[in-house]
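1. have a look at this prediction, sequence included:
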Amino acid sequence: VIRCRAAVAWAPGKPLSVEEVEVAHPKAGEVRIKIVATGICSTDDHVRQGSFPNAEFPVIPGHEGAGIVESVGEGVTSMKPGDKVIPLCIPHCGECSYCLNPEANFCQKSHMCEPQNLLPDKTSRFTCKGKLIHHFLWISTFAEYTVVPEYAVAKIDAAAPLDKVCLFGCAFSTGYGAAINTAKVKPGSTCAIFGLGGVGLSVVIGCKAAGASRIIAVDINKDKFAKAKELGATECINPRDFNKPIQEVLTEMTGQAVDYSFEVIGKAETMIAALASCNMNTGICVMVGELDSGSEISIDPMLLLTGRTWKGTVLGGFKARESIPKLVSSYLEKKFNPEPLITHTLPFAKVNEGFELLRAGK
Ligand code: NAD
Ligand code: ZN
């Protein structure tokens, strides 16, 4: 058993509490990982607030990390102590019908199919002050050590800098893949991205890599525009600068509305605005942002009747176990650079300060 620090969410709505926890030895088919770096994603904030579906408290959140294998359980053959890895918030069991479908990335062992608050044998590897602590998406990266099933871990290039490639565990892969895999953005096309956080900026990188000719970035926080331009946005607009709905503004700017729109905020009204901003014949709108669990959206069905497509994406459609190591290699070959997404680097004990910076739009 390893004793180390972890950030525990004891109850919804409370700040995280950095505690000493016990992390048990990995059982058969599991891997214990020393987490070296982790990003903070809005999804972790949804967990902390209690608005993430099927999460159970107390829990150790975090799902955008990178680390080094410390030990492996019986039968683990694909990695060994010392290997650099990224734990995966979407597992890849390789056996279910979704894993066997080349078009699908959402393994049936994913949290939305079967809650991942405990490891597959329905027990936890974490305890704190004598209490069982739940896992989050099996990976709980806000811990100095975590235990993860082997099929939810990707082994990556030994040269990868872990404090950068942790972003491939969620934000970068989600946004980049939303453009490349889910929307399948075509060269010369027009795109609009609503929301320029870490995920939205990664959509901008993906649209640029796909050869889009116009990339219109939309945010109510003007401070996000410089970085969006640096990463490939051709225009940046603030909905608050107009006295008409943003979908009308985008339609006027482009003549017939955009080819691809992406909602990367997580609000019902911007999801509807993004859908109405893509063209009524062939437009594709991708829902990336997450609404609070239990929320509903109502739309005018005419928005879809004429031909628009409305899609969602989880982890950018990547079959993570095989795709994330390839994305890491492409980054090492300098095919794209997600490093500008990193705005602050904090020591682990300041995790709550990280959430404050996220909420403040910094
Ligand atoms: P973030 O909070 O860093 O960024 C959100 C951005 O939206 C901010 O820049 C904010 O100013 C902007 N915004 C807020 N209201 C707006 C409005 N009305 N109009 C225009 N812009 C507005 O968030 P993030 O970490 O980049 O995550 C974005 C969303 O993606 C979250 O909902 C998160 O939960 C979700 N997410 C989904 C997946 C997935 O697999 N689908 C993965 C990761 C994150
Ligand atoms: Zn599967």
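-> Yep, it's here. Numbering: from 1, shown residues only. Ligands and ions are numbered 1, 2, ... in the order given.
2. every contact and neighbour count from this point should use C-alpha atoms.
-> OK.
3. from N352, how far out is L201?
-> L201 sits at a distance of 23 Å from N352 (criterion: CA to CA, to the nearest Å).
4. those two - which one has more neighbours?
-> With neighbours defined as other CA atoms under 10 Å, L201 and N352 compare such that L201 has more, 32 against 15.
5. next one: V314 from L231, what distance?
-> Using CA to CA, which is the criterion applied here, V314 is 22 Å from L231.
6. ok, now P347?
-> As judged by CA to CA, P347 and L231 stand 27 Å apart.
7. looking at these two, which has the bigger crowd around it?
-> Neighbours of P347 and L231, each counted by other CA under 10 Å, are more numerous for L231; the result is 22 against 9.
8. which residues touch the nearest residue to that one once chain neighbours are set aside?
-> Residue nearest to L231 in three dimensions, not counting chain neighbours: I205, with 5.9 Å by CA to CA, 6 or more residues apart in numbering. By CA atoms under 8 Å, 6 or more residues apart in numbering, the residues touching I205 are Y176, L231, G232, F336.
9. which one of the residues you listed has the most neighbours?
-> Result: Y176 is most packed of the contacts of I205 (other CA under 10 Å), 29 neighbours.
10. doesn't V203 make contact with that one?
-> Yes - using CA atoms under 8 Å as the test, Y176 is close enough to V203 to be in contact (4.9 Å).
11. which strand residues bridge E235?
-> Using DSSP bridges, the bridge partners assigned to E235 are I216.
12. what does the pLDDT read for M112?
-> You'll see M112 listed with a pLDDT of 87.
13. again, but for T43
-> We have a pLDDT of 89 for T43.
14. before we move on, what SS does the residue in the stretch 151-300 of the chain that ligand 2 sits nearest to have?
-> Evaluated by CA to the ion, the stretch 151-300 of the chain has Y151 as its residue closest to ligand 2, separated by 8.9 Å. Remark: Y151 carries the secondary structure label helix [criterion: DSSP: H, G, I helix; E, B strand; the rest coil].
15. can you give me every residue that contacts it?
-> With CA under 8 Å, 6+ apart as the criterion, the residues that contact Y151 are P91, H92, C93, G94, R321.
16. hmm, try it at 7 Å
-> Taking CA atoms under 7 Å, 6 or more residues apart in numbering as the definition of contact, the neighbours of Y151 are P91, H92, C93.
17. again, but for P187
-> A210, G211, A212.
18. got the CA positions of the lowest-mean-pLDDT helix or strand in the chain in PDB?
-> For the chain, scoring each helix and strand by mean pLDDT, DSSP states H and E identifies helix 42-49 as the least confident one, at a mean of 91. Provided in PDB are the C-alpha atoms of helix 42-49 (Å, rounded to 0.1, in the frame of the first residue of the first chain):
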ATOM      1  CA  SER A  42     -14.500  21.800 -16.600                       C
ATOM      2  CA  THR A  43     -15.800  18.300 -16.300                       C
ATOM      3  CA  ASP A  44     -13.900  18.000 -13.000                       C
ATOM      4  CA  ASP A  45     -15.700  21.100 -11.800                       C
ATOM      5  CA  HIS A  46     -19.100  19.400 -12.800                       C
ATOM      6  CA  VAL A  47     -18.000  16.500 -10.600                       C
ATOM      7  CA  ARG A  48     -17.100  18.700  -7.700                       C
ATOM      8  CA  GLN A  49     -20.400  20.500  -7.900                       C
END
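19. so how far is that helix off the chain centroid?
-> 12 Å (CA atoms, centre = their mean, to the nearest Å).
20. show me what it is packed against.
-> When contacts are defined as 3 or more CA pairs under 7 Å, 6 or more residues apart in numbering; DSSP states H and E, helix 42-49 sits against none of the other helices and strands.
21. 10 Å instead?
-> Helices and strands in packing contact with helix 42-49 are listed as helix 351-359; criterion 3 or more CA pairs under 10 Å, 6 or more residues apart in numbering; DSSP states H and E.
22. would you mark the buried spots in the helix it packs on?
-> V351, G354, F355, L358 (16 or more other CA atoms under 10 Å).
23. swap in stretch 299-317?
-> L303, L304, R308, T309, W310, G312, T313, V314, L315, G316, G317.
24. now for the contacts of P187, which sits with the most neighbours around it?
-> A212 (23 neighbours).
25. contact residues of this structure facing ligand 1?
-> Near ligand 1, the residues belonging to the chain are 41-43, 170-171, 174, 194-200, 218-221, 264-266, 270, 288-290, 313-315, 358, 361 when assessed by CA under 6 Å from any ligand atom.
26. what pLDDT is listed against P53?
-> Looking at P53, its pLDDT is 89.
27. now it, what's its secondary structure?
-> On the three-state scheme (three-state DSSP), P53 is labelled coil.
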